[in-house]
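Engineer: Pasting a predicted model and its sequence here:
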Amino acid sequence: MRTRRAPLVAILALMLVAAACSGGKDTTAPAPAAAGGSSDLKGVCPDPVVVQTNWFPQSEHGTVYQLLGPGYTIDSAKKRVTGPLVADGKSTGVRLEIRAGGPAVGFQSSAALMYQDPKITVGMLQSDEIVQFSKKQPVLGVMAPLELDPQVLMWDPKTHPDWNTIADIGQSDAKVFYFQANTYMEYLIGSGILRRSQVDGSYDGSPSAFVSSGGKVAVQGYATNEPWTYEHEIKAWGKPVKFQLIYDTGYPNYGNVLAVRADKKDELAPCLKKLVPMLQQAQVAFVGKPDTAIDTILKTNNGYKGAFVYSKGNARFAVDQMRRLGIVDNGDDSTSTSTASPSWPAAPWTPTWRACSATTAGAPASAPSTSAAAPAATRPCSPRGSARSSASTSPSRCSSSPAPAAACPTSPTSTATCARCAPPATAASTW
């Protein structure tokens, strides 16, 4: 289980960083031929462009690995991979270096690392982290690859059949384990959804507390990871779990925002003007056809010699889950694609919004009702009262326009209601 910090407010960010070439084992074929025109980054961007990620390689970082071309080398000691930065299969004339985060850097934030090492071009952070570190380590978000953050609290549906929301957990005496540094917990406590007496910040990413309790406790996780690993890879458990996104409690947040140091904005502006559209297009390409980038992600993880166990099944599940839950989505604010980039593929997985309803055992409580790109004033927002199981295949968010608050289901043990939220403070990329 990842133990990264969780999200809060919405801001935009980017990811790529400039650093020196790392040594390692050549894992792929020769680098592709150089491109020209708008794809030429030579002399415009740092070489290499260095991206400091917030965890080990995984599908949630697909945007960046989609840009890593063949001929890359893996530095197993420093946990970084370097290769040609490619766009549409052609070299841009510069290299891309992707650095692992989380345990690989002692759980330091990307913001802190960016100020320690000026070679880092772009860092990956949650939007609440950007706010949290703004006083001492200010960074500017330039692109949000994800429409929302996949952080969840999860539980055993058989042990707690009456839990449908995080608010239901708050009506019990059950322990909730989370990573101490995550700021979302202060929101859940301050809003009265959970009680301080029931939360425990000692969570270290291990499933042991959950498994040894027999599923009596709730733990943090990611919708893109733990539902798969607990059911298919943790033999001591081997059953589905149920979860609710923290986002869906009324805590709007972007995950994996790509950001630059605030004092480097002007210096990097010419590079970002070309690089950000490439990142946008890379995310579109990755979600549409992820196999090549997933192969790179798995090979890189294997090259790190067991530092993070990540299976192909987990990687593919993550992509499918991002599609199903709207974690990757066009949204209504033009932050995922530029005017020069195509929108996300329309079929077969484009998420559809439905009136606020609970999902249990993978079955929606009501039929989905589609509503294409809602205007900003009626942007679908988060309900306090929807949960999903690991088998869920439909987003469970409520739209502020088609469904009045009274139509939102409430928990049998709480007064959860459909949260009426203003759209996050987002803006289209200006690069």
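Structural biologist: Received, thanks.
Engineer: And for residue 70, the neighbour number?
Structural biologist: 17 (other C-beta atoms under 10 Å). Where C-beta positions appear, they are placed from N, C-alpha and C, glycine not excepted.
Engineer: ranges for the strands of the stretch 1-150 of the chain?
Structural biologist: Ranges of strands in the stretch 1-150 of the chain, per DSSP state E, counting those that start in this stretch, are 25-26, 49-52, 73-75, 80-87, 90-99, 122-125, 139-143.
Engineer: Nearest to residue 221 among the ones you listed would be which one?
Structural biologist: strand 122-125 (18.9 Å; C-beta to C-beta).
Engineer: Spit out the contact partners of residue 105.
Structural biologist: 99, 113 (C-beta atoms under 8 Å, 6 or more residues apart in numbering).
Engineer: follow-up on the earlier one: could the strands of the stretch 1-150 of the chain be laid out in TSV, adding distance to residue 320 and mean neighbour count?
Structural biologist: Compiled in TSV, those are given as follows (distance: least, C-beta to C-beta, whole Å; neighbours: other C-beta atoms under 10 Å):
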stretch	distance to residue 320	mean neighbour count
strand 25-26	30	12
strand 49-52	24	29
strand 73-75	27	21
strand 80-87	25	26
strand 90-99	23	25
strand 122-125	22	33
strand 139-143	23	25
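Engineer: Tell me which of those strands lies nearest to residue 226.
Structural biologist: Of these, nearest to residue 226 by C-beta to C-beta is strand 122-125, at 19.9 Å.
Engineer: what pLDDT, on average, does the closest one get?
Structural biologist: Mean pLDDT, computed over strand 122-125, is 98.
Engineer: Stretch 181-199 too?
Structural biologist: Rounded mean pLDDT across stretch 181-199 is 94.
Engineer: Just the CA coordinates for it, please, in PDB.
Structural biologist: Extracted as PDB, the C-alpha positions of stretch 181-199 are listed here (Å, rounded to 0.1, in the frame of the first residue of the first chain):
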ATOM      1  CA  ALA A 181       1.400  12.900   7.000                       C
ATOM      2  CA  ASN A 182      -1.800  12.800   5.000                       C
ATOM      3  CA  THR A 183      -3.700  16.000   5.300                       C
ATOM      4  CA  TYR A 184      -7.100  14.700   4.200                       C
ATOM      5  CA  MET A 185      -7.600  13.200   7.700                       C
ATOM      6  CA  GLU A 186      -7.800  16.700   9.300                       C
ATOM      7  CA  TYR A 187     -10.600  17.500   6.900                       C
ATOM      8  CA  LEU A 188     -12.500  14.300   7.700                       C
ATOM      9  CA  ILE A 189     -12.200  15.000  11.400                       C
ATOM     10  CA  GLY A 190     -12.900  18.700  11.200                       C
ATOM     11  CA  SER A 191     -16.000  18.100   9.100                       C
ATOM     12  CA  GLY A 192     -17.300  15.600  11.600                       C
ATOM     13  CA  ILE A 193     -17.200  12.600   9.200                       C
ATOM     14  CA  LEU A 194     -14.700  10.800  11.500                       C
ATOM     15  CA  ARG A 195     -13.700  11.300  15.100                       C
ATOM     16  CA  ARG A 196     -10.200  11.900  16.300                       C
ATOM     17  CA  SER A 197     -10.500   9.200  18.900                       C
ATOM     18  CA  GLN A 198     -10.900   6.500  16.200                       C
ATOM     19  CA  VAL A 199      -8.100   7.400  13.800                       C
END
